[in-house]
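*Asks:* sequence? don't have it. structure:
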């Protein structure tokens, strides 16, 4: 596993900070200064900042190092020994260095409103919250230089800080119904909770946030949703979140996710005693991944239906079969292979309809 070299502005403060801000960074030299400046501009300043650099090949680290003195000993820069290509891995390493009461994850190309921490920490103390969950964010579209308010959460947005139900089954059910914004960013997590249940980001290139939030939803006592806007999410070319992934990479992510869900559930009494919760999240995660594989990836790669089944057999059923027991059972019992095949057919039907429409248009012109 990768090791880290630590660059620090000085000795670690003895006084525990209220918030540890963890920033996963890779090749964002054009954005990291704005990101850090938005922290310096916060009306609430009792926080430390830990940058975990995933071995950037540009000047990101140098730009960040120039900001160290402005943070008065509250900024550390950790460097991976090799690039992981996975945002969750640097975050996990930074978590080991964090000393804050709460953890806040921030991406290095994003930035915050000045009152973000003041608003969130007040709610955290008012509710003795394990998690403070923002439901919306600002989406900044770089190419168009415009900002819109957005959420991919379905259902109503709370109008004031609202304590979630203590019914864990209901929480997880609504997560699978997309009624929670499952970002790792834009939330406060109590560090004690993370450490107690060993909550980590899985070794995945996408949707690692969903698994982290699932774990937190499952064990948090006081989970509070808030209507605050404060996080500015930048849409840009080249970011990990906008990377097109091939079918094997999606399959690897699916295998890792189910494995992590299974291991975590076995260690949490409620989940172990109520396996329906585990299967709900597996169904949601695997189902969404298979739809993407069917509708986009396999169609783009032009695999024939028999090749799809061959791919699944080789890359899922035959890879660590014991560890993949839950995923294999899911694929066989939930009709998911049919979902995958249907996704391919839907794409082919759409293309045929487009061709028919073009032919009809040409006929009408002639």
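*Replies:* Happy to help now that I have it. Quantities reported herein were computed from a predicted structural model and do not represent experimental measurements.
*Asks:* Please make it C-alpha for all contacts and neighbour counts, starting now.
*Replies:* OK.
*Asks:* Next, please give the residue ranges for the helices of the stretch 201-350 of the chain.
*Replies:* 208-219, 247-267, 269-273, 275-292, 298-301, 305-312, 325-333, 336-365 (DSSP state H, counting those that start in this stretch).
*Asks:* mean confidence score for stretch 43-61?
*Replies:* Mean pLDDT, stretch 43-61: 97.
*Asks:* Give me the residues contacting it.
*Replies:* 17-30, 32, 74-85, 90-91, 93-94, 97-98, 100, 114-115, 117-118 (CA atoms under 8 Å, 6 or more residues apart in numbering).
*Asks:* Just the buried subset of these, please.
*Replies:* 17-29, 32, 74-80, 83-84, 90-91, 93-94, 98, 100, 114-115, 117 (16 or more other CA atoms under 10 Å).
*Asks:* pLDDT at residue 289, what is it?
*Replies:* As predicted, residue 289 sits at a pLDDT of 69.
*Asks:* what about residue 151, neighbour count?
*Replies:* Counted by other CA atoms under 10 Å, the residues lying close to residue 151 total 15.
*Asks:* from memory it sits against residue 181, does it?
*Replies:* Yes: with contact defined as CA atoms under 8 Å, residue 151 reaches residue 181; the gap is 7.2 Å.
*Asks:* Look up the residues that both of those two are in contact with.
*Replies:* By CA under 8 Å, 6+ apart, the residues touching both residue 151 and residue 181 are 135, 136.
*Asks:* Flag the shaky bits of the stretch 151-300 of the chain, pLDDT-wise.
*Replies:* Applying pLDDT under 70 to the stretch 151-300 of the chain flags residues 237-248, 289-300.
*Asks:* now do 80
*Replies:* The model of the stretch 151-300 of the chain has pLDDT under 80 over residues 236-252, 254-255, 286-300.
*Asks:* Just give me the residue right at the centre of this protein.
*Replies:* Geometric centre of the chain, nearest residue: residue 209, 2.4 Å, by CA atoms, centre = their mean.
*Asks:* tell me the phi and psi of residue 60?
*Replies:* phi -60, psi -50 (degrees, to the nearest 10).
*Asks:* Report the separation between it and residue 145.
*Replies:* Distance from residue 60 to residue 145, counting by CA to CA, to the nearest Å: 22 Å.
*Asks:* Spatially nearest residue to residue 193, not counting backbone neighbours?
*Replies:* Leaving out its chain neighbours, the residue that sits closest to residue 193 by CA to CA, 6 or more residues apart in numbering is residue 130, at 6.9 Å.
*Asks:* wait, isn't that neighbour in contact with residue 220?
*Replies:* Yes: counting by CA under 8 Å, residue 130 does reach residue 220; the two are 5.6 Å apart.
*Asks:* The two: who's more crowded?
*Replies:* Comparing residue 130 with residue 220 by other CA under 10 Å, the one with more neighbours is residue 130, at 24 against 19.
*Asks:* Which stretches in the protein count as strands?
*Replies:* 4-8, 19-25, 47-53, 75-80, 102-107, 111-112, 131-134, 137-141, 146-150, 162-163, 187-190, 223-226, 231-235 (DSSP state E).
*Asks:* Need the winner for burial among those strands.
*Replies:* For these, average neighbour numbers computed from mean count of other CA atoms under 10 Å are highest in strand 131-134, which has a mean of 27.
*Asks:* what mean pLDDT does that one have?
*Replies:* For strand 131-134, mean pLDDT rounds to 97.
*Asks:* ok, that strand: who's next to it in the sheet?
*Replies:* Strand 131-134 has its sheet partners listed here by DSSP bridges as strand 187-190 (antiparallel), strand 223-226 (parallel).
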